[in-house]
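Asks: What follows is a predicted protein model with its sequence.
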Amino acid sequence: MTSTIDPTARKNLAQISKVLTQITSGIEFDDKNPSLVPINDFVNKSISQMSAWLLEGKYHYYAFLLALKLFGQSQTSRTRRHNTMHTSF
């Protein structure tokens, strides 16, 4: 048994990771990932299903919302730092 993942499997896992990240973020794909825009119907349906599942009480809903908010803030500050670094040259 090999301990490495072949390039095709690695690429597929990366794509799955992108989709799961979008679903958990509650955001559909945009122009940053144009090849994944066609699956936005699936992403939106999955966002609704995940939200309903969370509202059933399987996880503390407010903790989840806080995590999303903090994740969004960290993404915003990272983007600001990135833009500042590139515009200061």
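Replies: Arrived safely, thanks for sending. Numbers count the residues shown, from 1 in each chain.
Asks: Mind listing what's buried along the helix or strand where residue 21 lies?
Replies: Using DSSP states H and E, residue 21 sits within helix 7-25. The neighbour-count check on helix 7-25 (16 or more other CB atoms under 10 Å) flags 19, 22-23 as buried. Where C-beta positions appear, they are placed from N, C-alpha and C, glycine not excepted.
Asks: For residue 55, report the pLDDT, please.
Replies: pLDDT, residue 55: 75.
Asks: next one: residue 60
Replies: Confidence score, pLDDT, at residue 60: 64.
Asks: And for residue 8?
Replies: For residue 8, the model assigns a pLDDT of 95.
Asks: Roughly how far does it sit from residue 14?
Replies: As judged by CB to CB, to the nearest Å, residue 8 and residue 14 stand 11 Å apart.
Asks: how is this protein carved up into domains?
Replies: For the chain, automatic domain parsing gives the domain ranges 1-58, 60-89.
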